[in-house]
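Q: Predicted structure and sequence below. I'll ask about it afterward.
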Amino acid sequence: HVPQGPVCTNLGLKPGQRLTVKGKIAPNAKSFVMNLGKDATLLGLHFNPRFDAHGDVNTIVCNSKKVEEWGAEHRETVFPFQKGGTAEITFGVNQNDVTVHLPGHQFTFPNRLNLSVFDYFDTQGDFTLQSLSWE
């Protein structure tokens, strides 16, 4: 069972706004997840840094989910996370995609579900949420 962190609903993130997530990564971390979407069943961005999970080592896997249907996995090989370290990740919502800002790196993930607003956010796995801010 994956430990579930806080769940946020009614965020109301629209294009032009950004969500900044800060927290601590477990010393023995295997992976953690951040989900951003309309609700728990419509995820515009499933963000999953994997230290060593599902055959991936030090890889960020992103995907989208529509009810029970996952999209195609998108992999980023830049991996700025360390076990036992802190993480700060900013998700910038745009019209057609989400920009993920990591330390020293950024990439975009398409808004496959054409969500006009991101209301839902949760974290799971080997990550302890310390602060959430949005602007």
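A: That came through fine.
Q: Could you find the closest non-adjacent residue to residue 79?
A: residue 58 (4.2 Å; C-beta to C-beta, 6 or more residues apart in numbering). Yep, even glycine has a C-beta here, placed from its N, CA and C like the rest.
Q: Do I have it right that the one you found meets residue 30?
A: No. Assessed by C-beta atoms under 8 Å, residue 58 is found out of contact with residue 30, at 11.6 Å.
Q: what residues are shared contacts of these two?
A: Taking C-beta atoms under 8 Å, 6 or more residues apart in numbering as the contact rule, residue 58 and residue 30 both touch 50-52.
Q: Turn those into a markdown table, columns for distance to residue 75, neighbour count and secondary structure.
A: Output for the shared contacts of residue 58 and residue 30, formatted as a markdown table (distance: C-beta to C-beta, whole Å; neighbours: other C-beta atoms under 10 Å; DSSP: H, G, I helix; E, B strand; the rest coil):
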| residue | distance to residue 75 | neighbour count | secondary structure |
| --- | --- | --- | --- |
| 50 | 10 | 22 | strand |
| 51 | 14 | 20 | strand |
| 52 | 15 | 13 | strand |
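Q: Nearest to residue 80 among the residues you listed?
A: residue 51 (12.2 Å; C-beta to C-beta).
Q: give the contact list for that closest one.
A: 29-31, 57-58, 81, 83, 126.
Q: what's the weakest-modelled helix or strand in this structure?
A: In the chain, no helix or strand scores lower on mean pLDDT, DSSP states H and E than strand 4-8, which sits at a mean of 84.
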